[in-house]
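Q: build me a model from this:
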Amino acid sequence: MTYRYSVEDILQTIRKYLPFLTGITFSGGEATIQLPFITELFSAIKQDQDLKHLTCFIDSNGYLSQSGWQKVQPVLDGAMIDLKAWDSQIHKKLTGRDNYRVKQTIAYLAKINKLYEVRFLIIPEHTDLQHNATHLAQFLIDIDPNIKIRINAFHNHGVHGIAKTWKPATQDQVELFAMQLKNNGLHNITLPSVYL
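A: From the prediction side, this is the model:
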């Protein structure tokens, strides 16, 4: 079932729960597909005396063009960007697209101080992150040595399709990748608090 909401509908919901909120994050699917709506809502929040203290974040795969980020930038507090693989062909195999624009997005958002964190998802036998920790670290250090990193562990609970057969990431695999990044100069790393 699909529901349609206006900006005013969302603002009413936000006001209802305002005592419990510190910010708003659009996530997905891919949130930036709804960029005009997000921009309008974030603008309304930033102009409202009772709501303007709320942070406005986007959780994204990083495929939005730079001109798209420029449209939302004035009302955006930060974005979390997923980088699924270092090698462009592996990224394309996982997502259907190469990772050139994702890397551009990470660099651009960091440059304008809107990058909250870069996220990595460890999928055993499918991602190449663990084998490219040196390249990943150098890429990110060149952008910002203090860049915030979040490592997530793939699990197949609730997953449909071919990925249902993929092995979940173990705590050891995630911690090994984190150690590789640390050994290559990255230190602002958050690990999962739960492994399924």
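
Q: tell me the helix or strand right after the worst-scoring helix or strand of the chain on mean pLDDT.
A: Lowest on mean pLDDT, DSSP states H and E among the helices and strands of the chain sits helix 88-95, with a mean of 95. For helix 88-95, the succeeding helix or strand toward the C-terminus, using DSSP states H and E, is helix 100-111.

Q: quick one, that next one and helix 88-95 angle?
A: Taking axes from the mean of the first three to the mean of the last three Cα atoms, to 10 degrees, one finds that helix 100-111 is oriented at 100 degrees with respect to helix 88-95.

Q: show the average pLDDT along helix 100-111.
A: Helix 100-111 carries an average pLDDT of 98.

Q: over to stretch 181-196?
A: Rounded to a whole number, the mean pLDDT of stretch 181-196 is 93.

Q: mind listing the strands for the chain?
A: Counting by DSSP state E, residue ranges of the strands within the chain are 23-26, 55-60, 78-82, 115-122, 149-153, 189-190.

Q: isn't residue 137 up against residue 184?
A: Yes: checked against Cβ atoms under 8 Å, the pair residue 137 and residue 184 is within contact range at 3.4 Å. Yep, even glycine has a C-beta here, placed from its N, CA and C like the rest.

Q: quick one: which of the two has more around it?
A: Taking other Cβ atoms under 10 Å, residue 137 and residue 184 do not tie; residue 137 has more neighbours (20 against 15).
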